[in-house]
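Peer 1: Give the three-dimensional model of this entry:
(chains A and B)
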There are 2 protein chains.
Amino acid sequence: MELPLLCPLPAVEPTQILLTHGGGGRLMHRLIERVFAPAFASPHGETHHDGALLPPGGAARLAFTTDAYVVRPLFFPGGDIGRLAVCGTVNDLAMCGARPLYLSAAFILEEGLPLQTLEQVVGSMRQAAHEAGVEIVTGDTKVVERGRGDGLYITTAGIGLVEHGLHVAPASIRAGDAVLVSGDLGRHGVAVLAVREGLDLECPIQSDCAPLAEPVRRLLAAGLQVHCLRDLTRGGLAAALVELAEASGLSIAIDGAAVPLREEVRGACEILGLDPLQLACEGRFLCVLPEEETVRALALLGPEAAHIGRVHASTPPQVTLRGPLGAWRIVEMPSGEQLPRIC
Amino acid sequence: MELPLLCPLPAVEPTQILLTHGGGGRLMHRLIERVFAPAFASPHGETHHDGALLPPGGAARLAFTTDAYVVRPLFFPGGDIGRLAVCGTVNDLAMCGARPLYLSAAFILEEGLPLQTLEQVVGSMRQAAHEAGVEIVTGDTKVVERGRGDGLYITTAGIGLVEHGLHVAPASIRAGDAVLVSGDLGRHGVAVLAVREGLDLECPIQSDCAPLAEPVRRLLAAGLQVHCLRDLTRGGLAAALVELAEASGLSIAIDGAAVPLREEVRGACEILGLDPLQLACEGRFLCVLPEEETVRALALLGPEAAHIGRVHASTPPQVTLRGPLGAWRIVEMPSGEQLPRIC
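Peer 2: Down below sits the predicted model:
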């Protein structure tokens, strides 16, 4: 009654991902035990079980978010898909005003992926989770045939706790609020594009990819009346501002000269014909809060943060930007795709 | 300063997924508003925000799980990838002894996917979520180039509440426990394989894909001392039993004649050379509980459930199966892959 298997277990330990790694059998268990379990060991992720049991959240609201990561190439200056997959989801939780606690990680591996690549990515995830103070408590692995994926895709989901009474959301934005940005813009977008296009930059631009839980925690712990937070990923500052204007029904005026941009990013944008306002970041966020709290907030965010604009009532809601010569232009939602697969 | 976009917005509303659908711009927002938002409307998933805020869990422990779904083909008798992505994650929560409450859904779309296909899958997810009593509260969409995916992949994550004091896990299994299965085995595996191989079955075998939250709720609400629950997905009954034996350090003896198997599934396995014990289900589970609770549990699980075996102490821990002629054989963990991309 022992029937022939369609794909027999290989005699030698494979160094690449095989379809059999996805089959729920011996080889998949070995992958979990050798690669994932050591990296993501957690008291909450019970081994041999498909889920994690977590302590009660008590009276705190829960924040819940997910993102799929398909960045190409998998490795870029300043990070890789693993670091991105942890930081991105941590940051989405932080943008809800939540303290990120737990992540899940689901992998879609392409047949033929070198095991070493997987180990390196998983190592980055472990490191980024440590930096962000979160635990990766549960996960899943699937394998697809060659030509049905691109090395690996990762989807993370995250749970955080909202331990304050603020409603951090576009609906809380008020006319007169200040708009701050936590640091210089666009390095993630340029870093990825430079590798992809084989640009030979004198000193390579490092992605800004980083967890944002700590700066957000500082703002909230100081009792600032944070109205809204938004990380600047796909679509960059332009998309984030237009979304906030549309969602709040208020207009936003930005002083272009105040937007922090490194010289090398500005230069790369000119060469590549990119709008820096539309470049993705992975470790930068907007903070909208009452004007009178600007100075305290900037002090808490550090020397790279900047006060870039102000919310005002005008109909229809729109985002305007004062250019270097003093002229105002309307900032539009990016209508197309500057850079596919940036995250 | 308005720079040319690499992929301009198409003049006509597209009927297929374009790379620009993944760019964080106008077209992605349109996709969210037209396809996802109407299907997944929830009081908790705040629009225009990348996460969901959920009410406190109080004193209940949280269960958290994730799975990636890469099933091929996307549609099969009895379900599709969308139904699978909801049921699979709901079931992982139920197997933790949790009441499933909230799901996230992240989509990796291949350029060229017909929008109609996406709408159909999303409709199935909505329907399955309704059946399972869960809400899809947050999500994400990425687009990859043609030849870097396979139509669409979905990763769901789920949160549930554990509202009882039982420790539902392999460590709770005791010698003498009864092993029950909730219904007939292997229909999901055969349904997918039949479509894939173009088998012309007289009456097509329907996948068993279904949410398991309700039968689990009944067992727990009746106060049964459930020791362990395990859904029978990749690797089927064989993988689940071997995992439980290894994790509990106890042996399991199964009566092959008691394992419920429909005649058409048995026939298909003979034609295709498949071991029915290794076939994936997506709506069946094992329940391990004290022998004396067998009758009550079977009554609660319904007429398709069966008492198939018993846990006993023996070293080393192993799974044995009594065949039709009374001989016992050892059941092994499937070492290879019966059927790639079954879920």
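Peer 1: Going by C-alpha atoms from here, please, whenever you check contacts or count neighbours.
Peer 2: Fine.
Peer 1: Now do the same contact list for the spatially closest residue to A:H167 that is not a sequence neighbour.
Peer 2: Leaving aside its chain neighbours, A:H167 sits nearest to A:H227 (7.0 Å; criterion: CA to CA, 6 or more residues apart in numbering or on different chains). Residues near A:H227 by CA atoms under 8 Å, 6 or more residues apart in numbering or on different chains: A:166-170, A:172-173, A:287-290.
Peer 1: Closest one to A:M125 out of those, please.
Peer 2: When those are compared for distance to A:M125 (CA to CA), A:C287 wins out at 26.5 Å.
Peer 1: What is the subsequent helix or strand relative to the longest helix seen in chain A?
Peer 2: When chain A is scanned for its longest helix (criterion: DSSP state H), the result is helix A:115-132. Following helix A:115-132 in sequence order, the next helix or strand is strand A:135-144 (DSSP states H and E).
Peer 1: who does that next one pair up with?
Peer 2: Using DSSP bridges, the strands paired with strand A:135-144 are strand A:99-110 (parallel).
Peer 1: Output the partner strand as CSV, restricted to C-alpha atoms.
Peer 2: The C-alpha coordinates for strand A:99-110 follow below in CSV (Å, rounded to 0.1, in the frame of the first residue of the first chain):
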residue,chain,number,x,y,z
ARG,A,99,3.0,49.7,19.7
PRO,A,100,4.0,46.8,17.3
LEU,A,101,4.2,43.5,19.1
TYR,A,102,3.8,40.4,16.9
LEU,A,103,4.4,39.6,13.2
SER,A,104,3.5,36.7,11.0
ALA,A,105,5.6,35.9,7.9
ALA,A,106,4.4,33.9,4.9
PHE,A,107,7.0,33.0,2.2
ILE,A,108,6.3,32.2,-1.5
LEU,A,109,9.5,30.6,-2.7
GLU,A,110,10.4,30.0,-6.3
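Peer 1: Report the rounded mean pLDDT for it.
Peer 2: Averaging pLDDT along strand A:99-110 yields 96.
Peer 1: can you check stretch A:66-75 too?
Peer 2: Rounded mean pLDDT across stretch A:66-75 is 96.
Peer 1: Now do it: everything it contacts.
Peer 2: A:80-81, A:84-85, A:88-89, A:152-158, A:192, A:195-196, A:341-343, B:50-51, B:104-108, B:138-142, B:144, B:155, B:157.
Peer 1: mind checking the end-to-end distance for it?
Peer 2: The first and last residues of stretch A:66-75 sit 21 Å apart, counting by CA to CA, to the nearest Å.
Peer 1: Which positions in the longest helix of chain A come out as buried?
Peer 2: By 16 or more other CA atoms under 10 Å in any protein chain shown, the buried positions in helix A:115-132 come out as A:115, A:118, A:121-129, A:132.
Peer 1: cool, and stretch A:133-150?
Peer 2: In stretch A:133-150, counting by 16+ other CA under 10 Å, buried: A:133-146, A:148-150.
Peer 1: how close does A:L220 get to A:Y102?
Peer 2: 20 Å.
Peer 1: Verify the stated contact: A:G133 with A:L101.
Peer 2: Yes - contact criterion CA atoms under 8 Å: A:G133 and A:L101 qualify, at 7.1 Å.
Peer 1: How far off centre is the longest helix of chain A?
Peer 2: 15 Å (CA atoms, centre = their mean, to the nearest Å).
Peer 1: Run the angle between that helix and strand A:135-144 for me.
Peer 2: Angle between the axes of helix A:115-132 and strand A:135-144 is 150 degrees (criterion: axes from the mean of the first three to the mean of the last three CA atoms, to 10 degrees).
Peer 1: can you give me the helices for chain A?
Peer 2: Under DSSP H, chain A gives helices at A:26-31, A:37-40, A:81-95, A:115-132, A:187-197, A:213-221, A:236-248, A:263-272, A:294-301.
Peer 1: And for A:E264, nearest residue in space, chain neighbours not counted?
Peer 2: Residue nearest to A:E264 in three dimensions, not counting chain neighbours: A:I205, with 7.5 Å by CA to CA, 6+ apart.
Peer 1: mind listing what the one you found touches?
Peer 2: For A:I205, the contact set (CA under 8 Å, 6+ apart) comprises A:77, A:187, A:190-191, A:264-265.
Peer 1: Among these, find me the one that's closest to B:D231.
Peer 2: B:D231 has its nearest neighbour among these in A:P77, at 42.1 Å by CA to CA.
Peer 1: number of nearby residues for the closest one?
Peer 2: A:P77: 18 surrounding residues under other CA atoms under 10 Å in any protein chain shown.
Peer 1: what sits against the spatially most central residue of chain A?
Peer 2: The centroid of chain A falls nearest to A:G88 when counting by CA atoms, centre = their mean (2.0 Å). With contact set as CA under 8 Å, 6+ apart, A:G88 has these partners: A:67, A:211, A:282.
Peer 1: before we move on, what about A:Q127?
Peer 2: By CA under 8 Å, 6+ apart, the contact set of A:Q127 is A:R83.
Peer 1: low pLDDT regions in chain A?
Peer 2: Scanning chain A for pLDDT under 70 picks out A:1-11, A:42-49, A:336-338.
Peer 1: Per the annotation, how does it divide into domains?
Peer 2: A:19-162, A:170-331 (automatic domain parsing).
Peer 1: and B:Q278, which of those is closest to it?
Peer 2: Ranking the domains of chain A by proximity to B:Q278 (CA to CA) places domain A:19-162 first, at 9.5 Å.
Peer 1: how far out from the middle of the chain is that closest one?
Peer 2: 13 Å.
Peer 1: Apart from its neighbours in sequence, what residue is nearest A:G51?
Peer 2: In space, A:G51 is closest to B:T65, 4.4 Å off (CA to CA, 6+ apart).
Peer 1: okay, now the one you found: neighbour count?
Peer 2: Neighbour count for B:T65, taken as other CA under 10 Å: 31.
Peer 1: Enumerate every residue touching the closest residue to A:E145 other than its chain neighbours.
Peer 2: Nearest residue to A:E145, sequence neighbours excluded (CA to CA, 6+ apart): A:E111, at 5.1 Å. Neighbour list for A:E111: A:16-19, A:143-146, A:151 [criterion: CA under 8 Å, 6+ apart].
Peer 1: now, which of these sits nearest A:P55?
Peer 2: Proximity of the contacts of A:E111 to A:P55 (CA to CA) peaks at A:V143, which lies at 31.9 Å.
Peer 1: gap between the closest one and A:R34?
Peer 2: Taking CA to CA, one finds A:V143 at 17 Å from A:R34.
Peer 1: follow-up on the earlier one: report the separation between the residue nearest to A:G51 and B:L289.
Peer 2: According to CA to CA, B:T65 and B:L289 sit 23 Å apart.
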